[in-house]
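[1] Quick one: sequence and predicted model below, then my questions.
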Amino acid sequence: MTVIGGLVVPSSIFLVPEVGRGRERDAVRTVGALRRAGRLVAQCAPDALALLLPGAGLPALLTAASGRLRRDLRPYDAPEQSRDDVLDAVLSAALLDDGAAGLSVCAVEALPEITLAPLFFLSAQATIPLIVCSLTDRCDGARAVGEALARAAGQSGRRLLAVAVGELSSKLFRGAPGGYSAHAVAFDQQIVEALARGDLDAALLRSAADRAESGETLLPQIAALAAALGPEASFEVLSYEGPFGLGYLVASAIPAVSAPTSTVS
């Protein structure tokens with residue numbers, strides 16, 4: 001089969017209502033868009049979710065000897081939301097066998113914090129097998145992972161939905177998590193507008209200096225998602241806001257030729 005679609009989602013754990021305990025109301029558009037994204041996942045009924053996470057070194061595939069990773073929300077006083085997610089062993093093996101993406105293997109015992117909010121909205125009951133990749137911070141290297149993911153999906157016969165996880169600027173106003181940059185608001189606006197009009201080059205071909213100035217952690221994951229979907233993939237921006245000084249983008253993406261079930265009513 002193939003990569004049937006994709007999503008772009010933020011990672012903040014405080015977007016989970018049981019964790020945010022009211023703070024998530026300041027990001028009401030983001031939460032609403034994430035719930036819409038969850039309906040998209042249910043409608044597409046993928047065989048597996050591929051989580052594409054920010055990274056700083058070489059790309060890595062997260063694995064566990066048990067074949068499961070714990071979604072542990074006990075540290076956030078929400079133990080009732082903890083789950084065990086099954087890793088897709090067949091898809092993982094196909095991806096590692098590909099070799100072109102240069103993926104190493106990273107054994108972990110639990111899912112990283114940045115996956116918890118996306119999974120809360122996209123696979124609430126942990127019913128969809130996962131593959132979890134930590135990417136390089138370079139868009140070209142991330143594209144190689146996306147291309148390998150598409151080949152692995154085809155080889156393994158999986159209907160795969162890929163999810164780019166991360167935030168845009170972390171410096172939107174004074175007191176923001178990454179500090180403050182006068183260029184951050186314009187940076188985010190340019191990315192969002194470029195995706196909305198389908199200009200991936202304008203969205204992704206940003207200089208290292210621009211990216212560092214904004215403090216973003218999302219563009220490589222979008223590059224990998226676009227590569228997995230193939231040429232002429234189209235994006236729909238579902239929401240953008242930055243209430244905590246972080247740029248929260250939620251978007252859906254489909255290949256150029258997609259089944260009717262890839263859209264949300």
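    Okay, I see it. Values in this document were obtained by computation on a predicted structure and should not be read as measured data. Numbering: from 1, shown residues only.
[2] Break down this structure into its strands, ranges please.
    3-9, 48-53, 60-63, 68-71, 83-86, 104-107, 130-134, 160-165, 234-241, 248-254 (DSSP state E).
[3] now the fourth one, how far from the centre of its chain.
    Which is strand 68-71. Distance of strand 68-71 from the chain centroid (Cα atoms, centre = their mean, to the nearest Å) equals 18 Å.
[4] got the contact list for that strand?
    If you take Cβ atoms under 8 Å, 6 or more residues apart in numbering as the criterion, strand 68-71 is touched by 62, 81-87, 108-111, 115-116, 119, 126, 130, 132. Where C-beta positions appear, they are placed from N, C-alpha and C, glycine not excepted.
[5] Which among those residues count as buried?
    Applying 16 or more other Cβ atoms under 10 Å to the contacts of strand 68-71, the neighbour count classes 62, 81, 83, 85-87, 110-111, 115-116, 119, 126, 130, 132 as buried.
[6] quick one: which of the residues you listed is nearest residue 175?
    Of all the buried ones among the contacts of strand 68-71, residue 175 sits closest to residue 116, with 24.5 Å by Cβ to Cβ.
[7] In space, what's closest to that closest one - neighbours in sequence excluded?
    residue 13 (5.5 Å; Cβ to Cβ, 6 or more residues apart in numbering).
[8] Can you tell me how far that neighbour is from residue 97?
    Distance, residue 13 to residue 97, using Cβ to Cβ, to the nearest Å: 34 Å.
[9] quick revisit: who's in contact with the residue nearest to residue 116?
    Going by Cβ under 8 Å, 6+ apart, residue 13 touches 19, 76, 113, 116-117.
[10] one step back: could I get the strands of the chain as TSV with mean pLDDT and distance to residue 24?
    Output for those, formatted as TSV (pLDDT from 0 to 100; distance: least, Cβ to Cβ, whole Å):
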stretch	mean pLDDT	distance to residue 24
strand 3-9	97	14
strand 48-53	98	21
strand 60-63	97	26
strand 68-71	98	18
strand 83-86	98	19
strand 104-107	96	30
strand 130-134	98	24
strand 160-165	98	17
strand 234-241	97	12
strand 248-254	97	11
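[11] Please identify which of those is closest to residue 210.
    The nearest among the strands of the chain, by Cβ to Cβ, is strand 248-254 at 16.4 Å.
[12] in its sheet, what does the closest one sit against?
    Its sheet considered, strand 248-254 pairs with strand 3-9 (antiparallel), strand 234-241 (antiparallel) by DSSP bridges.
[13] could you point out where this structure is predicted with low confidence?
    Low-confidence segments of the chain (pLDDT under 70): 1, 257-265.
[14] where do the helices sit along it?
    Under the criterion DSSP state H, the chain contains helices at 17-20, 28-44, 89-98, 116-122, 139-156, 184-196, 200-204, 208-214, 219-229.
[15] Deepest-packed of those helices, please.
    helix 219-229 (a mean of 27; mean count of other Cβ atoms under 10 Å).
[16] ok now that one, how far from the chain's centre?
    Relative to its parent chain, helix 219-229 has a centroid offset of 9 Å by Cα atoms, centre = their mean.
[17] circling back to that earlier point, where's the residue nearest to residue 116 relative to residue 161, distance?
    22 Å.
[18] Residue 69 too?
    18 Å.
[19] can you check residue 175 too?
    From residue 175 to residue 161 the distance is 36 Å (Cβ to Cβ).
[20] which of those two has more neighbours?
    Neighbours were counted for residue 175 and for residue 161 using other Cβ atoms under 10 Å; residue 161 has more, 26 against 9.
[21] count of residues packed around the residue lying closest to the more buried one once chain neighbours are set aside?
    Of all residues not flanking residue 161 in the chain, residue 46 sits nearest, at 3.9 Å (Cβ to Cβ, 6+ apart). Around residue 46 there are 22 other residues, counting by other Cβ under 10 Å.
[22] Am I right that residue 46 is in contact with residue 2?
    No: look at residue 46 against residue 2 with Cβ atoms under 8 Å: they stay out of range, at 10.7 Å.
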